[in-house]
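>>> here is a sequence with its predicted model. Questions after.
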Amino acid sequence: MTLYEAYAGELAEAIASGLFRPGDRLPSVREACRQRGISPVTVFKAYYLLEADGLIRVAPRSGYYVNPKPSDHRLPEPKPSSPKPGGIRVDTSDLVYDIHASLRQRSGVLLGSPFIDPTLFPLDRLRQSLVGAMRRLDPWSTVDDLPPGNRNLKRQILKRYLMHGTKLAESEIVLTHGAMPALHLCLAAVTKPGDAVVIESPTFYVALEALQRRSLKAIEVATDAREGIDLHRLAKVLENRRPAACWLMTNFQNPLGSLMPDRKKRDLVALLARHGVPLIEDDVYGELYQGDTAPASAKSFDRVGLVMHCTSFSKTLAPGYRVGWTAAGRFAAQVERLKLMMQLTGTIPTQAAIAAYLQDGGYEPHLRRLRRSLADQQAAMVSAVHRHFPDGTRVSLPQGGYFIWLELPKQVNAVDLFWAASAQGVSIAPGPIFSARGEFRNCIRLNTGQLWSPKVEDAVVRIGRLVARQMPRSSASTH
C-alpha cells in the first residue's frame, strides 16, 4: 500500500466512524503536511482518491468537505400545492424589497439570495474576452448591431440549441438585457391589461411583479416539488377560463426546484397548442442539471411557434453582463418591435465578449465544474437541514438548479422567521412572496449556490433553532 493510499484509508475510516461528519472540512493540504510529515503530492493523491469514491468534495477556494451519505435523506418532500381556484389581481409584497436590501450585507450568509456565489464564475476569462472583444470591435457594429444584437452571439446561441436537438432560425432569436426583459417583452406581446395568465403555485416573485405591472390577473395552478405543474388541473383552467398565456418554469423551477419530465413537457406543449395558448418558458436554470443528461426544454417540442423560450447567461456564466434572449416563435417580430420601443438593445461589448468566450470553447468545461460544485453544495445543505431542523419539516431534493424548498411545521411563521434570521446575519426567502395570495406562510426557500463552509452550516443551524423556537416544546426535537 502506498503512503497516499494509507492516508486515504485512515480518513475513510474516520468518516465512516463519524469522526468527520457530512459537511465537516478536512485538514488543508498545508495542515495535513505539517501534522503528518508527508508531502503535498501525497495529500493531493489521497484527497483525489476520496473524491473519486464520493466521500469528499472540493469547494473552490475553500477546501475539502465530507459529502453527505445517501441515506441522509430522511425528511419527506413537500406536498403538492392546492391554490384556490379563480384569478386574482396581483399586489406584490414590500417584503421582496426588504429581502433584496438584506442581500447587500456581504458579511451575512445570503441563503435568501437569488444568485450563485460569484466566485464560481470564470470572471478572469470573461475579462480577457471582454478586453479582446473591445480591441477587435468594429466601430460600425455599435450602430449596425443595435436592433438585432451581436450576430456572432446569435450564431453561438443557435449552435447550443442545435446541440440540444432544437433547430431554430436566427430571426427567432431576440437578444435582450438579461432574461427578465425577455420575459417582460414576451408577456407584453401576448397580453393586454385585464387578461389572466396561468402561473405555478408557488412561483418566482418576478413573475408576480410582471403581472402586477401590466395589470394582469394570476391564475395559480397546483404544482408538485418533483414534477412541476399539474397538467390535469391546467387542462381544466384552459377549458373554463381561457387565459391569455402561461408563464412556467419547466426546468428546476424557482422556488421548488421541480423538474418537469420530458414526456410531460411534450404533453404540456400539445395541450396548449390545442387551446391556442402561448407559453412563456422561463428556462434560466436549464443548464444547471445534475447527472449526465440535459433536460429538454418545452421549446424543443414546439411545432406551431407558441412557445417563447426565455433564458440568459446570468445564472450560468456572467450575472453582471446582463445578456439574455428569447426564442419567441411566431411572436418574434412583435417582440423585436416592442424591444425597439422599450430598450432598443443590450450592451454590444458584453454581447461580443460572451460570443468570443463561447466560440473559444470555454463554456462547456466551466458548466461541468459549476454543475459538480452546485450538486455538492446542495447535498451538503440538504444533509444539514436533516440534522438541524425539527421533525415535521419537509424538504425538496431537486435534480438541478440551486434552490431547495422547505415546508416547515404549521406553527411556523416564515415572515417572522425571516426577520429573526436577518437579526442574526442570515437571509432567507419566506414563502408568502412566492404567491399571489400570500400563501405558503410556513415555507421558505434556501439558496444552495453559496460555497459550502462552516459559516454556511452554522447559518443552517441557526435557522433550525429559530424554527424550533416557534414550535411547542414537545414537538421541537431535531435530527
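Arrived safely, thanks for sending. Numbering: from 1, shown residues only.
>>> work out the gap between whatever helix or strand residue 181 lives in and the centre of the chain.
Assessed by DSSP states H and E, residue 181 sits inside helix 179-190. Chain-centre distance of helix 179-190: 19 Å, with Cα atoms, centre = their mean, to the nearest Å.
>>> what's in contact with it?
174, 176, 197, 206-207, 210-211, 213-214, 216, 244-245, 247, 278, 280, 282, 284, 308, 310-312, 314, 324-326, 328, 331, 334-335, 338-339, 342-343 (Cβ atoms under 8 Å, 6 or more residues apart in numbering). Every C-beta, even on glycine, is put in place using the N, C-alpha and C of the backbone.
>>> from those residues, which land in helices?
Among the contacts of helix 179-190, the members found in helices (DSSP state H) are 206, 207, 210, 211, 213, 334, 335, 338, 339, 342.
>>> next, format the residues you listed as JSON lines and append distance to residue 399 and pLDDT.
Supplementary listing: the ones in helices among the contacts of helix 179-190 in JSON lines, determined by distance: Cβ to Cβ, whole Å; pLDDT from 0 to 100:
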{"residue": "206", "distance to residue 399": "22", "pLDDT": "92"}
{"residue": "207", "distance to residue 399": "22", "pLDDT": "94"}
{"residue": "210", "distance to residue 399": "27", "pLDDT": "94"}
{"residue": "211", "distance to residue 399": "28", "pLDDT": "95"}
{"residue": "213", "distance to residue 399": "32", "pLDDT": "92"}
{"residue": "334", "distance to residue 399": "35", "pLDDT": "95"}
{"residue": "335", "distance to residue 399": "31", "pLDDT": "94"}
{"residue": "338", "distance to residue 399": "35", "pLDDT": "91"}
{"residue": "339", "distance to residue 399": "33", "pLDDT": "88"}
{"residue": "342", "distance to residue 399": "36", "pLDDT": "75"}
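>>> show the buried residues in the residues you listed.
206, 207, 210, 211, 334, 335, 338, 339 (16 or more other Cβ atoms under 10 Å).
>>> report the contact partners of the last one.
When you say that, I think you mean residue 339. Contact analysis of residue 339 by Cβ under 8 Å, 6+ apart lists 174, 176, 181, 185, 345.
>>> one more time with 6 Å, if that's ok
Residue 339 makes contact with residue 185 under the criterion Cβ atoms under 6 Å, 6 or more residues apart in numbering.
>>> quick revisit: biggest separation within the buried ones among the ones in helices among the contacts of helix 179-190, which pair?
206 and 334 (21.5 Å; Cβ to Cβ).
>>> quick one: residue 96 and residue 207 touch, right?
No. The pair residue 96 / residue 207 is not scored as a contact, 12.0 Å apart, by Cβ atoms under 6 Å.
>>> could I get the buried residue list for the longest strand anywhere in the chain?
Longest strand in the chain by number of residues (criterion: DSSP state E): strand 217-224. With burial defined by 16+ other Cβ under 10 Å, the residues of strand 217-224 counted as buried are 217, 218, 219, 220, 221, 223, 224.
>>> if I look at the residue sitting nearest the centre point of the chain, what pLDDT would I see?
The chain has residue 401 as the residue nearest its centroid, 4.0 Å off, counting by Cα atoms, centre = their mean. pLDDT recorded at residue 401 is 97.
>>> that one against residue 286, yeah?
No. Under the criterion of Cβ under 6 Å, residue 401 is not in contact with residue 286, lying 9.0 Å apart.
>>> picking that back up, quick one: the residue nearest to the centre of the chain and residue 280, what's the gap?
As for residue 401, its distance to residue 280 is 19 Å (criterion: Cβ to Cβ, to the nearest Å).
>>> and residue 91, helix, strand or coil?
At residue 91, secondary structure determined by DSSP: H, G, I helix; E, B strand; the rest coil is coil.
>>> local confidence estimate at it?
Residue 91 is given a pLDDT of 75.
>>> which residue is the nearest non-sequential neighbour of it?
What sits nearest to residue 91 in space, not counting adjacent residues and going by Cβ to Cβ, 6 or more residues apart in numbering, is residue 212, at 6.5 Å.
>>> residue 92 is in contact with the one you found, correct?
Yes. Counting by Cβ under 6 Å, residue 212 touches residue 92, with 5.5 Å between them.
>>> ok, these two, which is more surrounded?
Taking neighbours as other Cβ atoms under 10 Å, residue 212 and residue 92 compare with residue 92 leading, 18 against 15.
>>> which ones are touching that one?
208, 209, 212.
>>> gap between the nearest residue to the second one once chain neighbours are set aside and residue 383?
Okay, so that is residue 209. In space, and not counting its chain neighbours, residue 209 is closest to residue 92: 5.2 Å by Cβ to Cβ, 6+ apart. Residue 92 is 34 Å from residue 383, where distance means Cβ to Cβ.
>>> so residue 219 touches residue 86, yeah?
No. Taking contacts as Cβ under 6 Å, residue 219 lies outside contact range of residue 86: 7.3 Å.
>>> show me where the stretch 251-400 of the chain has its helices.
Applying DSSP state H, counting those that start in this stretch to the stretch 251-400 of the chain gives helices spanning 262-275, 332-342, 348-359, 363-388.
>>> any low-confidence regions in the stretch 101-250 of the chain?
The stretch 101-250 of the chain contains residues with pLDDT under 70 at 102-106, 133-148.
>>> what ranges does it have for its strands?
109-110, 173-176, 196-201, 217-224, 228-229, 245-248 (DSSP state E, counting those that start in this stretch).
>>> tell me which strands the first one pairs with, and in which orientation.
If you go by DSSP bridges, strand 109-110 pairs up with strand 426-427 (parallel).
>>> what's around residue 127, how many residues?
Other residues close to residue 127 by other Cβ under 10 Å number 11.
>>> gap between it and residue 153?
18 Å.
>>> from residue 226, how far off is residue 258?
Counting by Cβ to Cβ, the gap from residue 258 to residue 226 is 6 Å.
>>> now swap in residue 81 and tell me
Counting by Cβ to Cβ, the gap from residue 81 to residue 226 is 12 Å.
>>> more crowded one of those two?
residue 81 (24 against 18).
>>> quick check on that one: phi, psi?
Main-chain dihedrals, residue 81, degrees, to the nearest 10: phi -70, psi 160.
>>> alright, I will stop here.
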